[in-house]
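Asker: task: produce atomic coordinates for the following.
(one chain, ligands or ions: 1)
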Amino acid sequence: MTTATSTFASIADQLSDKLSNKTARIGIIGLGYVGLPLAVEFANAGFSVTGIDLIQSKVERINAGDSYIQDVRSADIARLVQAGKLRATTDFSVVAELDTINICVPTPLRKTKDPDMSFIVSACQEIAKFAHPGMLAILESTTYPGTTDELVLPMLSSTGMQVGRDFFLCFSPERVDPGNPKFQTRNIPKVVGGTTPACTQLGAHFYAQALETVVPVSSTQVSEMVKLLENTFRLINIGLVNELAMMCERMSINIWEVIDAAATKPFGFMPFYPGPGLGGHCIPIDPFYLSWKSKQAGIEARFIELAGYINCQMPHFVVEKVQNALNDFGKAIKGSHVHILGVAYKRDIDDVRESPALDIIHLLQRRGAKVTFSDPYVPSIRMDNGVMLGVDALETSSQADATVIVTDHGATDYAPIVANSRLIVDTRNALRAFRSANIIRL
Ligand SMILES: NC(=O)c1ccc[n+]([C@@H]2O[C@H](COP(=O)([O-])OP(=O)(O)OC[C@H]3O[C@@H](n4cnc5c(N)ncnc54)[C@H](O)[C@@H]3O)[C@@H](O)[C@H]2O)c1
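Answerer: Numbering: from 1, shown residues only. Next up, the predicted model:
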């Protein structure tokens, strides 16, 4: 056996043993919606976990046992911090002591719909400074296929270490669904693909220590593409059903009834629902990484562009509907008071990133409406023209000329709102059980 092979075997085996006996020191870079729940899962599994974030206030809150993510309970953080299983820092030099590093930093799109890799690059620059033999690095940020091997690998290899022998590199897409009570980090199957077979094996072994199901795939590119397929699948199906909703409107057909009846087919159909537009950090953004990359490969991602276009029309469609409904009730949109019920991008969460409610508010204001909002999870929103504070839902909807249900939070009591509102535009079919002349459905 050559020295190189035996070194490789020993480094990989050592890390594998540390993972099996829970002595591996785990690092999570980026303590947001993805990174913090992951840190908690590994700390719960008995590992010593260090979270690294640039934002001092987040680090302080974690070390004080105070959660800022809705799906993570403060009591759990406090218990883990007290037990010495979880700590947070802004200091990247701890990487020198860590055996594994998961990168969970943001990957936004630039205004031009090009991927913004600057967060990944700056995190990897810091990791490279403190990289060491025996380290397993896993990128979890959603990105274009090729990022791990084309962007991250050269940065970590610049240390002189060889991937698959001295250090190990994987991509594993994050599938977290904020606010989902049934599926959370622990029981969502985890796909992982490595740069070499040894990387994949270690990556799979790593996740198996804390998560229920691990799905190894043959490469980082397959793993990156899995996430984009999943999100593109949703983007396109939502685009299709949004287009059908616009067609049904012209033909006076109830799209919700159509979908419910189609969903009785026991095979070959999966229901998707129309809505006021896409929101969040994933579905409106991720497929455009794929379209950007495929353009470079000489293939236009036509389905993605078309679905993106249709979904972007939905806030306009909703505002048209509000205007038409007001006109039918003898009111002009200019000067009317429109109340928005729910501004989070989806039900039962507090996140307004890319929320269609923000577009709808902006479009209504541009048409001269006076707009208010209420949301049990969101006390205020930042608009271009300043901060808007939420108001009382029932009181304000009974004063408004029109109320628009943009987010159908589960706790909303609709009966008094329906009884007291002049006009309600329901973009989520939240009022499916109500029959009233003042309800206009999408
Ligand atoms: N939120 C979701 O539902 C979701 C689901 C699946 C995938 N993702 C993907 O996961 C990634 C992270 O998303 P998120 O929602 O957790 O983002 P987030 O904004 O909630 O959290 C990211 C964290 O990274 C920190 N950060 C930024 N640059 C850093 C750096 N160089 N070093 C250390 N910390 C840094 C930020 O301060 C922030 O706390 C993104 O690529 C996103 O597309 C998100």
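Asker: alongside the ligand, which residues does the stretch 101-250 of the chain contribute?
Answerer: C104, V105, P106, T107, F119, S122, A123, S141, T142, E174, V176, P178 (C-beta under 6 Å from any ligand atom). C-beta coordinates here come from the backbone N, C-alpha and C atoms, glycine included.
Asker: columns secondary structure, neighbour count and pLDDT on top of the residues you listed, output as JSON lines?
Answerer: Shown next, in JSON lines, are these (DSSP: H, G, I helix; E, B strand; the rest coil; neighbours: other C-beta atoms under 10 Å; pLDDT from 0 to 100):
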{"residue": "C104", "secondary structure": "coil", "neighbour count": "26", "pLDDT": "98"}
{"residue": "V105", "secondary structure": "coil", "neighbour count": "24", "pLDDT": "97"}
{"residue": "P106", "secondary structure": "coil", "neighbour count": "16", "pLDDT": "94"}
{"residue": "T107", "secondary structure": "coil", "neighbour count": "20", "pLDDT": "93"}
{"residue": "F119", "secondary structure": "helix", "neighbour count": "18", "pLDDT": "97"}
{"residue": "S122", "secondary structure": "helix", "neighbour count": "13", "pLDDT": "97"}
{"residue": "A123", "secondary structure": "helix", "neighbour count": "24", "pLDDT": "98"}
{"residue": "S141", "secondary structure": "coil", "neighbour count": "23", "pLDDT": "95"}
{"residue": "T142", "secondary structure": "coil", "neighbour count": "24", "pLDDT": "93"}
{"residue": "E174", "secondary structure": "coil", "neighbour count": "21", "pLDDT": "94"}
{"residue": "V176", "secondary structure": "coil", "neighbour count": "20", "pLDDT": "88"}
{"residue": "P178", "secondary structure": "coil", "neighbour count": "21", "pLDDT": "83"}
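Asker: any weak-confidence spans in the stretch 201-350 of the chain?
Answerer: Of all residues in the stretch 201-350 of the chain, none has pLDDT under 70.
Asker: what ranges do the helices span in it?
Answerer: Along the stretch 201-350 of the chain, counting by DSSP state H, counting those that start in this stretch, helices occupy 220-250, 255-262, 287-296, 302-328.
Asker: which parts of the longest one are buried?
Answerer: Residues of helix 220-250 classed as buried by neighbour count (16 or more other C-beta atoms under 10 Å): 220-221, 223-228, 230-232, 234-236, 238-246, 248-249.
Asker: ok, and the closest non-adjacent residue to the residue in the chain positioned nearest to the ligand?
Answerer: Relative to the ligand, the nearest point of the chain is G32 (1.8 Å; C-beta to the nearest ligand atom). Leaving aside its sequence neighbours, G32 sits nearest to C104 (C-beta to C-beta, 6 or more residues apart in numbering; 6.6 Å).
Asker: give the contact list for the one you found.
Answerer: For C104, the contact set (C-beta atoms under 8 Å, 6 or more residues apart in numbering) comprises I28, I29, G30, L31, G32, V34, G35, L38, E140, S141, E174.
Asker: at 10 Å what do you get?
Answerer: 28-39, 51, 53, 119, 123, 138-141, 174, 176 (C-beta atoms under 10 Å, 6 or more residues apart in numbering).
Asker: so which of those sit within strands?
Answerer: Of the contacts of C104, the ones assigned to strands by DSSP state E are I28, I29, G51, I138, L139.
Asker: what residues sit buried inside the strand or helix carrying V418?
Answerer: Per DSSP states H and E, V418 falls inside helix 414-420. Going by neighbour count (16+ other C-beta under 10 Å), the buried part of helix 414-420 is Y414, I417, V418.
Asker: ok, the second one - contacts?
Answerer: Counting by C-beta under 10 Å, 6+ apart, I417 makes contact with 339, 341, 374, 393-394, 396-398, 403, 405, 424, 430-431, 434.
Asker: picking up where we left off before, mean confidence score for the helix holding V418?
Answerer: Helix 414-420 shows a mean pLDDT of 96.
Asker: next: stretch 42-60.
Answerer: 98.
Asker: convert it to PDB, retaining C-alpha atoms only.
Answerer: Provided in PDB are the C-alpha atoms of stretch 42-60 (Å, rounded to 0.1, in the frame of the first residue of the first chain):
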ATOM      1  CA  PHE A  42     -26.800  18.100  15.600                       C
ATOM      2  CA  ALA A  43     -26.500  19.500  19.100                       C
ATOM      3  CA  ASN A  44     -29.600  17.400  20.000                       C
ATOM      4  CA  ALA A  45     -27.900  14.400  18.500                       C
ATOM      5  CA  GLY A  46     -25.100  14.900  21.100                       C
ATOM      6  CA  PHE A  47     -22.500  16.800  19.100                       C
ATOM      7  CA  SER A  48     -20.700  19.900  20.100                       C
ATOM      8  CA  VAL A  49     -21.900  22.500  17.600                       C
ATOM      9  CA  THR A  50     -20.400  26.000  16.800                       C
ATOM     10  CA  GLY A  51     -22.500  28.400  14.700                       C
ATOM     11  CA  ILE A  52     -20.700  31.200  12.900                       C
ATOM     12  CA  ASP A  53     -22.500  34.200  11.700                       C
ATOM     13  CA  LEU A  54     -21.500  37.700  10.700                       C
ATOM     14  CA  ILE A  55     -24.300  39.400  12.700                       C
ATOM     15  CA  GLN A  56     -23.200  40.000  16.200                       C
ATOM     16  CA  SER A  57     -26.800  40.400  17.500                       C
ATOM     17  CA  LYS A  58     -27.800  36.800  16.200                       C
ATOM     18  CA  VAL A  59     -24.700  35.400  17.900                       C
ATOM     19  CA  GLU A  60     -25.500  37.100  21.200                       C
END
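Asker: how about it: buried residues?
Answerer: Counting neighbours by 16+ other C-beta under 10 Å, stretch 42-60 gives 42-44, 47-54, 58-59 as buried.
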